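1. predicted model, plus sequence, below.
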Amino acid sequence: MVKLTSTRILLWITALAIAAASILLRTHQGNYNSNYIRLRYGDWAIVAGASEGLGAAWAEHLCEYGLNVLLVARRKEALEASAKKIQQRFGCQTDTWVQDLSDPNLADAFRSVLEDPQR
């Protein structure tokens, strides 16, 4: 039997969110429409786990369709490398936030990042 840890649960939630978002992106007029996405959700997307794997792939996908991304992950070097790669490849704006999502003060940290006038 597979042991359910908070990391595994977070990975499953992330995978389901990616699948749902992918379906939503395709529903408007049967194809991807970056103007629709930007008008409805804004110019920026926040992607957790963006230093590698599904998170990085999702960030690339969003940039490919015209969104800018705030990349969130624990490992600073890998996160900055991912941001640089995405920005060079797709020409979108990227910003990084080094943060452990299991931090009990995550909501306060998130609020302070969003309210920072320098971002």
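-> Received it, and whenever you're ready, just let me know what you need. Numbering: from 1, shown residues only.

2. centre-most residue in the chain?
-> By C-alpha atoms, centre = their mean, the chain has its centre lying nearest to V47, at 1.1 Å.

3. next, F110: phi, psi?
-> F110 has phi and psi values of phi -60, psi -40 when expressed as degrees, to the nearest 10.

4. neighbours around it, how many?
-> By the measure other C-beta atoms under 10 Å, the count of residues near F110 is 16. Heads up, the C-betas are built off the backbone N, CA and C, glycines and all.

5. do the same with A109
-> When neighbours are defined as other C-beta under 10 Å, A109 has 14 of them.

6. give me the contacts around the strand or helix carrying A45.
-> Assigned by DSSP states H and E, A45 falls within strand 44-48. In this structure, residues lying in contact with strand 44-48 by C-beta atoms under 8 Å, 6 or more residues apart in numbering are 14, 55, 58-59, 62, 67-73, 101.

7. inside strands: which ones of those residues?
-> If you go by DSSP state E, those have N68, V69, L70, L71, V72, A73 in strands.

8. any idea which helix or strand of the protein has the worst average confidence?
-> In the chain, no helix or strand scores lower on mean pLDDT, DSSP states H and E than helix 6-27, which sits at a mean of 67.

9. immediately after that one, which helix or strand?
-> As assigned by DSSP H and E, the chain's next helix or strand after helix 6-27 is helix 34-41.
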